[in-house]
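1. Here is a sequence together with a model predicted from it:
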Amino acid sequence: MAIQWFPGHMHLTRQAIAERITDIDVVIELLDARLPGSSANPMLAELTGAKPTLKILNKQDLAHPERTEEWLAHYNALPDTRAFGLDASETAPARRIIQGCRALTPSRVGMAKPMRVLICGIPNVGKSTLINTLVGRRKAKTGDEAGVTRTEQRIVLEDDFYLWDTPGVLWPRITVAQTGYHLAASGAIGRNAYDEQEVALELLCTLVRVCPEALEARYKVEAQGTADEQLEQLLQAIALKRGAFIGKGQPNLQKAAEIVIYEFRAGTLGRITLESPTEFALWLAEGQARDAERQAKKDALAAQRKKNRAKV
């Protein structure tokens with residue numbers, strides 16, 4: 001099942017970014033270090049165009065260090081782009097954001113030419129927490145659910161450095177299936193937009209592949225195989241180990257799914273990154289190919305309908 005979530009306020013955010021971007025010098029995109037490719041918004045890339053970009057892999061303390069380095073190398077190789085990892089709760093590293101923006105556009109300095117920065121990202125990626133760290137007080141709303149920030153905010157970080165914070169925004173249609181599952185597992189998608197058992201099974205599939213030892217250590221189960229039946233048995237085993245039952249000894253798969261998702265988000269399973277640059281590039285190419293095929297069929301049907309109407 002494809003996961004999609006684009007509530008009304010996100011459409012308004014898209015409009016606000018499109019209007020604001022003409023006056024912006026640098027775009028900051030906050031990414032989730034556990035899923036850097038899936039948390040990069042292709043709609044933002046379209047809206048911001050060729051603006052210098054600072055990519056920040058947030059929550060790096062929850063991600064695998066070597067995978068984070070791979071992603072940083074990938075993004076730093078892009079033109080007009082800088083990237084670094086960050087834990088938004090750390091005060092000193094957060095100041096690197098101002099330095100990174102000034103390095104990308106050194107001509108913007110002083111009150112005559114103040115730096116104007118737009119910070120964007122998917123929901124629940126940690127923007128508000130980061131901004132509160134930067135300003136040293138509770139300026140932006142924070143929460144552990146997607147969609148806490150709903151309005152644009154302007155924040156003065158220095159006399160000549162203005163930061164516009166926007167609500168977290170996804171894109172109208174997610175074409176990469178893995179991206180939808182990874183976003184749901186991370187908490188970027190509203191809980192009513194997906195089935196938790198399905199997301200947990202997909203998450204287990206990835207965890208069995210990238211860090212089976214973490215599952216075995218945490219749940220005292222065998223994590224072997226990614227076939228559907230094996231993953232369902234693994235979820236059942238987790239339910240039994242955690243004492244999650246329905247009725248007379250029946251495993252409560254819903255409760256087990258909630259446990260797996262929550263403990264991944266909390267970092268209880270360890271430092272995990274769900275995707276590499278190479279893997280994501282492959283998924284993206286496959287998704288774009290399917291999307292192109294879908295559009296071609298849609299165009300062919302439209303052309304046929306037009307042709308049939310002309311005959312009448």
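-> Arrived safely, thanks for sending. Numbers count the residues shown, from 1 in each chain.

2. longest helix anywhere in the protein?
-> Secondary structure assigned by DSSP state H gives helix 277-311 as the longest helix of the chain.

3. Pull out the buried residues from that one.
-> Residues of helix 277-311 classed as buried: 277, 280, 283, 284, 287 (neighbour count, 16 or more other C-beta atoms under 10 Å). The way it works is simple: take the backbone N, C-alpha and C, and place the C-beta from them, glycine included.

4. any idea whether the residue nearest the centre of the chain is helix, strand or coil?
-> Centroid-nearest residue in the chain, with C-alpha atoms, centre = their mean: residue 39, separated by 2.5 Å. Three-state assignment for residue 39 (DSSP: H, G, I helix; E, B strand; the rest coil): coil.

5. and what of residue 27?
-> strand.

6. List the buried residues of the helix or strand of the chain with the lowest mean pLDDT.
-> Least confident helix or strand of the chain, by mean pLDDT, DSSP states H and E, is helix 91-94 with a mean of 72. For helix 91-94, burial by neighbour count (16+ other C-beta under 10 Å) applies to 93, 94.

7. Look at residue 195 and report its pLDDT.
-> Looking at residue 195, its pLDDT reads 94.

8. before we move on, back to that, who are the contact partners of the residue nearest to the centre of the chain?
-> 31, 32, 121, 122, 125, 182, 183, 186, 188 (C-beta atoms under 8 Å, 6 or more residues apart in numbering).

9. Can you tell me the closest non-neighbouring residue to the fourth one?
-> Which is residue 122. Nearest residue to residue 122, sequence neighbours excluded (C-beta to C-beta, 6 or more residues apart in numbering): residue 188, at 4.6 Å.

10. Am I right that residue 157 sits in a strand?
-> Yes. When three-state DSSP is applied, residue 157 is found to be in a strand.

11. I'd like to know how far it sits from residue 274.
-> Using C-beta to C-beta, to the nearest Å, residue 157 is found at 32 Å from residue 274.

12. And residue 295, by the same measure?
-> Distance from residue 295 to residue 274, by C-beta to C-beta: 28 Å.

13. Many thanks, have a good one.
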